[in-house]
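1. Structure of the sequence below:
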Amino acid sequence: WKWTAYGRHFYYGNLFLYALYLVFLTIYTLFQVPPYYAKFLEEDNGQAKYEMTNNCLKSNDATENTECVEKSVWVFISGIITLIASAIRIVIEILQLWYQKHKYISLQNFVELALFALSIFFTANVFYASEVISPTAWQIGVFCLLIAWMNFMMFLRKFPGIGIYIVLFVEGLQTF
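-> Numbers count the residues shown, from 1 in each chain. Got it, this is the predicted structure:
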C-alpha cells in the first residue's frame, strides 16, 4: 500500500530527473568539440596512416580556409542543463546523507556523488566558449558518461518488466 501511495511517485520522479540529466549529459558529450582528432594522411601498403591533430575553435577573426570547428548551440544548452541537474542531484545526495546517516553509506551512493561532481567538472567548460575542452576534462567526461549509463541501468533494476533481466545481467557480471 505504501508503494502505490507514496513510493512509486518518488521512484518515478527520481528516475525522470536522472533520465533528464543523462540525456543532456549525452547530448553535451556528443556535440562537444573534442581536444584532438585523427586526420587521415595516406594509405601505404594497405596500412592507413593517421596524424593526431589538436582541434581549434573558430573565432571572429578566423578565415574560412582553416580547419577550425565551431561549437554547437547544443553544447551550451545541454551543458547548462547538465550543470543544473548535477547540482540538484548533489543536493539530493547530501539530503539523503543528512537524513539517512549511516544507512547512506554504500558503493552506489558514493558512485553517484562522484559522478555528479565529475560531471560538473566536465561541463564547466560551457562557460569558456572560445576554448577547446582540455584532454583531461574530455577523458573525465567520457568516464562520466559510461558510469552514468551504468548507473541508469541500476535505476532500471527496480522497474517492472525489465528489472529481472538487469538483475540477471549484474549477477552474471559478478560471476566473472
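2. longest single helix anywhere in the chain?
-> helix 73-100 (DSSP state H).
3. Okay, buried residues for that helix please.
-> For helix 73-100, the neighbour count (16 or more other CB atoms under 10 Å) marks 75, 78, 79, 81, 82, 83, 85, 86, 89, 90, 93 as buried. From N, CA and C alone the C-beta is placed, and that goes for glycine too.
4. I'd like those as JSON lines, with distance to residue 109 appended.
-> Converted to JSON lines, the buried residues of helix 73-100 look like this (distance: CB to CB, whole Å):
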{"residue": "75", "distance to residue 109": "30"}
{"residue": "78", "distance to residue 109": "26"}
{"residue": "79", "distance to residue 109": "25"}
{"residue": "81", "distance to residue 109": "23"}
{"residue": "82", "distance to residue 109": "20"}
{"residue": "83", "distance to residue 109": "21"}
{"residue": "85", "distance to residue 109": "17"}
{"residue": "86", "distance to residue 109": "15"}
{"residue": "89", "distance to residue 109": "11"}
{"residue": "90", "distance to residue 109": "12"}
{"residue": "93", "distance to residue 109": "7"}
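5. Quick one: classify the residue nearest the centre of the chain as helix, strand or coil.
-> Closest to where the C-alpha atoms of the chain average out (CA atoms, centre = their mean) is residue 145, at 3.4 Å. On the three-state scheme (DSSP: H, G, I helix; E, B strand; the rest coil), residue 145 is labelled helix.
6. My read is that it contacts residue 23, right?
-> No. Residue 145 is beyond contact range of residue 23, at 11.5 Å (criterion: CB atoms under 8 Å).
7. on that earlier part again, helices and strands around the longest helix of the chain, which ones?
-> Contacts defined by 3 or more CB pairs under 8 Å, 6 or more residues apart in numbering; DSSP states H and E place helix 73-100 against helix 8-31, helix 107-123.
8. so what's residue 89 closest to, chain neighbours aside?
-> Excluding the flanking residues, the one nearest residue 89 by CB to CB, 6 or more residues apart in numbering is residue 116, at 4.7 Å.
9. which residues touch the one you found?
-> 86, 87, 89, 90, 93 (CB atoms under 8 Å, 6 or more residues apart in numbering).
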